[in-house]
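A.B. asks: model the structure of this input:
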Amino acid sequence: MKRVRVKELFRQKELYNEKEVTICGWVRTNRAQAQFGFLNVNDGSFFESLQVVYDEKLANFGEISKYRVGVSVLVKGIVKLTPELKQPLELQATHVEMLGDCPENYPIQPKRHTREFLREVAHLRPRTNLFSAVFRIRSVVAHAIHTYFQERGYVYVHTPLITCADCEGSDQMFKISTLNLNNLPLTEDGKVDYSKDLFGKQAFITGSGQLQGETYAMAFGDIYTFGPTFRTENSNTKTHANEFWMIEPEMAFCDLEGLMDVEEEMLKFVIKYVLDNCPEEIDFCDKFVEKGLKEKITAVVNSKFVRISHHDVVDILKQAKNKWEFEPSYEDDIAKEHERYITEYFNGPVFITDWPKDIKAYYMKVNPDNKTVAAVDLVVPQAGELMGGSQREENLDKLLERMQEMGVDKDGIDWYLDTRRYGGCVHSGFGMGFERLIMYITGIDNIRDAIPYPRTPKNCEF
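C.D. replies: Okay, the predicted model is just below:
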């Protein structure tokens with residue numbers, strides 16, 4: 001038996017017209033009548049399901065009539081084009097066989113379920129239209145990201161998930177250990193003796209692959225990482241998770257302007273790739289998730305991203321008539337309400353550059369004013385911050401000075417400083433949260449619905 005995927009039937013329907021094919025899949029609905037019936041079968045290869053028509057000529061017609069939602073089936077039949085009907089084709093069954101039964105208490109019935117309920121059955125929610133669309137788009141977005149960087153000669157680097165380099169601040173990183181937590185070895189001053197641990201020192205699960213990525217950029221020129229990332233934030237917002245995926249390119253011989261060029265080009269490439277390759281899923285999200293979604297993301301592809309300094313953004317916010325919950329400040333970060341206002345003000349994505357140095361990381365290049373750093377955040381309508389990056393400080397002495405100012409221990413990352421000692425150069429990089437991108441492209445408003453098995457405070461099921 002060679003099974004044909006439903007996607008092939010839909011995409012090449014004229015090729016299969018009047019031919020006998022075999023499909024396998026799961027029953028989404030079964031409408032049984034006296035002499036014939038309709039099975040809606042989805043095989044996971046395509047967003048749409050295939051309508052299978054069966055009638056009383058089949059020896060097991062009575063059994064098929066009783067097939068419940070969720071059963072897996074094998075169907076042989078003749079493909080018939082039906083341009084006059086709602087669906088473009090159907091399968092007139094010559095043989096229908098149950099492969100796996102499904103009881104009546106199957107949770108995914110053909111009705112509208114709340115997203116909160118579906119999180120409780122996260123292992124079954126891909127069988128719904130909503131999550132079939134979201135996770136198919138997620139897969140295509142991942143491929144688009146790899147395609148963008150690979151076609152432009154970037155090297156894909158697998159940076160470690162276990163690290164002893166503290167990039168994001170150890171208070172934000174998960175600690176890992178093989179020590180017996182009920183009987184910890186202690187040093188003479190009563191602290192945990194990590195020399196007895198597996199790596200001989202304290203280790204973390206990574207919060208970023210940036211530091212290791214920079215070392216590879218100094219060999220290959222342009223690299224990117226794409227993998228899982230972990231943070232310990234005890235945050236229950238709709239945009240934070242403790243495990244998420246990050247895309248982190250690092251580029252040698254690239255300044256802040258060049259960095260923004262890459263960010264803009266990449267985002268437009270990915271969105272266009274999804275519009276071209278997931279038309280059914282985007283139409284579904286446009287209809288049922290966020291009205292106007294398709295128009296919103298299409299506008300991004302055709303727009304020119306605004307570039308404006310943090311100082312000028314605060315000027316605009318201060319001149320606005322709005323009553324702010326958080327008063328805009330030249331020395332501070334900007335709040336969600338400010339991001340919303342700025343994207344509406346410019347009617348599209350906005351690069352905000354040159355941030356106050358006191359609120360940014362030690363590795364960012366300090367500007368000549370000695371008050372700001374060459375950092376950039378891309379904020380987009382509805383989703384807010386989507387990417388954050390900077391030109392890195394390439395001067396070793398200035399980097400050491402910043403690390404001392406900010407109390408960063410240089411001993412643990414002396415290898416990282418070699419990127420400045422041995423042939424350092426102007427270089428830049430950015431990070432993009434993958435789930436934030438999925439939320440933006442699908443209209444999904446909660447990060448828990450953009451990742452298969454969300455890891456958030458008090459939630460580590462499945």
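
A.B. asks: and the residue nearest to N234 when sequence neighbours are not counted, what is it in contact with?
C.D. replies: Nearest non-adjacent residue to N234, counting by Cβ to Cβ, 6 or more residues apart in numbering: P457, 5.2 Å away. Every residue, glycine included, has its C-beta placed from N, CA and C. Neighbouring residues of P457 by Cβ atoms under 8 Å, 6 or more residues apart in numbering: 234-236, 242.

A.B. asks: mind checking pLDDT for P457?
C.D. replies: Here, the pLDDT recorded for P457 equals 94.

A.B. asks: other residues contacting stretch 318-327?
C.D. replies: 317, 328, 335, 337-338, 341.

A.B. asks: can you flag the buried ones in those residues?
C.D. replies: 317, 328, 335, 338, 341 (16 or more other Cβ atoms under 10 Å).

A.B. asks: in helices only, show me those residues.
C.D. replies: Residues of the buried ones among the contacts of stretch 318-327 located in helices (DSSP state H): 317, 338, 341.

A.B. asks: quick one on the thing from earlier: which of the contacts of P457 are buried, as a ChimeraX select command?
C.D. replies: The ChimeraX command for the buried members of the contacts of P457 (criterion: 16+ other Cβ under 10 Å) is given here:
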select :242
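
A.B. asks: adding pLDDT and secondary structure, write the contacts of P457 out as TSV.
C.D. replies: Shown next, in TSV, are these (pLDDT from 0 to 100; DSSP: H, G, I helix; E, B strand; the rest coil):
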residue	pLDDT	secondary structure
N234	91	coil
S235	88	coil
N236	89	coil
N242	94	coil
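
A.B. asks: what is the most widely separated pair among the contacts of P457?
C.D. replies: N236 and N242 (10.8 Å; Cβ to Cβ).

A.B. asks: what do the two both touch?
C.D. replies: Residues touching both N236 and N242 comprise 456-457, with contact defined as Cβ under 8 Å, 6+ apart.

A.B. asks: ok, back up a step: could you dump the contacts of P457 into JSON lines with distance to K13 added?
C.D. replies: Converted to JSON lines, the contacts of P457 look like this (distance: Cβ to Cβ, whole Å):
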{"residue": "N234", "distance to K13": "52"}
{"residue": "S235", "distance to K13": "48"}
{"residue": "N236", "distance to K13": "47"}
{"residue": "N242", "distance to K13": "45"}
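
A.B. asks: wait, which of the contacts of P457 is closest to F199?
C.D. replies: Nearest member of the contacts of P457 to F199, counting by Cβ to Cβ, is N242, at 22.3 Å.

A.B. asks: got the contact list for the closest one?
C.D. replies: Taking Cβ under 8 Å, 6+ apart as the test, what N242 contacts is 230-233, 455-457.

A.B. asks: now the residue of the chain most remote from its centre, what's its secondary structure?
C.D. replies: If you look at how far each residue of the chain sits from its centre, by Cα atoms, centre = their mean, the farthest one is K57, at 48.6 Å. Three-state call for K57 (DSSP: H, G, I helix; E, B strand; the rest coil): coil.

A.B. asks: give me the pLDDT for it.
C.D. replies: Taking K57 on its own, its pLDDT is 95.

A.B. asks: same check, this time on R68
C.D. replies: 97.

A.B. asks: for it, which non-adjacent residue is closest in space?
C.D. replies: In this structure, R68 finds its nearest non-sequential neighbour in C102, 5.4 Å apart by Cβ to Cβ, 6+ apart.

A.B. asks: would CSV of the contacts of stretch 318-327 with pLDDT be doable?
C.D. replies: Output for the contacts of stretch 318-327, formatted as CSV (pLDDT from 0 to 100):
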residue, pLDDT
L317, 95
P328, 93
A335, 93
E337, 93
H338, 95
Y341, 95
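
A.B. asks: export those residues to JSON lines and tack on distance to K2?
C.D. replies: What follows is the contacts of stretch 318-327, written out as JSON lines (distance: Cβ to Cβ, whole Å):
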{"residue": "L317", "distance to K2": "62"}
{"residue": "P328", "distance to K2": "63"}
{"residue": "A335", "distance to K2": "57"}
{"residue": "E337", "distance to K2": "57"}
{"residue": "H338", "distance to K2": "57"}
{"residue": "Y341", "distance to K2": "57"}
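
A.B. asks: list the contacts for E435?
C.D. replies: 241, 244-245, 447, 450-451 are the contacts of E435 under Cβ under 8 Å, 6+ apart.

A.B. asks: can you map out the helices along the stretch 101-250 of the chain?
C.D. replies: With DSSP state H, counting those that start in this stretch, the ranges of helices along the stretch 101-250 of the chain come out as 115-120, 129-151, 210-220.

A.B. asks: nearest to E48, out of the ones you listed?
C.D. replies: Nearest of these (Cβ to Cβ): helix 129-151, 9.5 Å.

A.B. asks: so L74 is in contact with T22, correct?
C.D. replies: Yes - using Cβ atoms under 8 Å, L74 and T22 qualify as a contacting pair, with a distance of 6.7 Å.

A.B. asks: okay, now K2: neighbour count?
C.D. replies: 5 (other Cβ atoms under 10 Å).

A.B. asks: ok, it touching C24?
C.D. replies: No - shown here, K2 and C24 do not form a contact pair, counting by Cβ under 8 Å, at 10.9 Å.

A.B. asks: you'd agree T372 is up against H310?
C.D. replies: Yes - T372 is in contact with H310 according to Cβ under 8 Å; the separation is 7.1 Å.

A.B. asks: common neighbours of the two, please.
C.D. replies: Here T372 and H310 have 354-356 as joint contacts, going by Cβ under 8 Å, 6+ apart.
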